[in-house]
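> I'd like to go over a predicted model; first the sequence, then the structure.
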Amino acid sequence: MKVSIKSKILGCEVEPRSLDMDVIFALAHLERVSPVAVSLRKDIPSAGTPEADRILGFSYQSETEKS
């Protein structure tokens, strides 16, 4: 099972489906729509992708941006 950066940060391993649900709920909150409506869409990024990380509020800076 591929473990995402988020689950390593949290210090636990979680099922990928539960992280996908986090993306669905976060996107629904941002768009102010029902999570059910969002879950039926086909354009939801998988957990662990940069797009999903942005939706969840995770931001990673490259070494050049930090300095």
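Ah, there it is. Residues are numbered from 1 along each chain as shown.

> downstream neighbour of the longest helix that the chain contains in the secondary structure list?
Criterion DSSP state H: the longest helix present in the chain is helix 16-31. Proceeding C-terminally, helix 16-31 gives way to helix 35-39 as the next helix or strand, assigned by DSSP states H and E.

> Can I get that next one in CSV, CA atoms only?
Taking C-alpha atoms only, helix 35-39 is exported to CSV below (Å, rounded to 0.1, in the frame of the first residue of the first chain):
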residue,chain,number,x,y,z
PRO,A,35,-20.4,16.2,-0.4
VAL,A,36,-22.7,13.7,-2.1
ALA,A,37,-22.8,15.9,-5.2
VAL,A,38,-19.0,16.2,-5.2
SER,A,39,-18.5,12.4,-4.7
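
> Okay, buried residues for that helix please.
Using 16 or more other Cβ atoms under 10 Å as the burial criterion, the residues of helix 35-39 that qualify are Val38. Where you see a C-beta, it was placed from the backbone N, CA and C, and this is true even at glycine.

> Next, the residues that contact that helix from outside, please.
24-25, 27-28, 31, 44 (Cβ atoms under 8 Å, 6 or more residues apart in numbering).

> What's the ChimeraX line that selects buried ones from these?
Here the buried members of those are turned into a ChimeraX selection, burial being counted by 16+ other Cβ under 10 Å:
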select :24,27,28,44
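
> so, if you compare the contacts of helix 35-39, which one comes nearest to Asp53?
Here the nearest of the contacts of helix 35-39 to Asp53, counting by Cβ to Cβ, is Leu27; it sits at 12.4 Å.

> and Ala47, how many neighbours does it have?
Using other Cβ atoms under 10 Å, the number of residues around Ala47 comes to 24.

> That one: what's its closest spatial neighbour, skipping adjacent residues?
In space, and not counting its chain neighbours, Ala47 is closest to Leu19: 3.4 Å by Cβ to Cβ, 6 or more residues apart in numbering.

> My guess is the one you found contacts Ile44. True?
No. Here Leu19 does not reach Ile44: they are 11.7 Å apart, not a contact under Cβ atoms under 8 Å.
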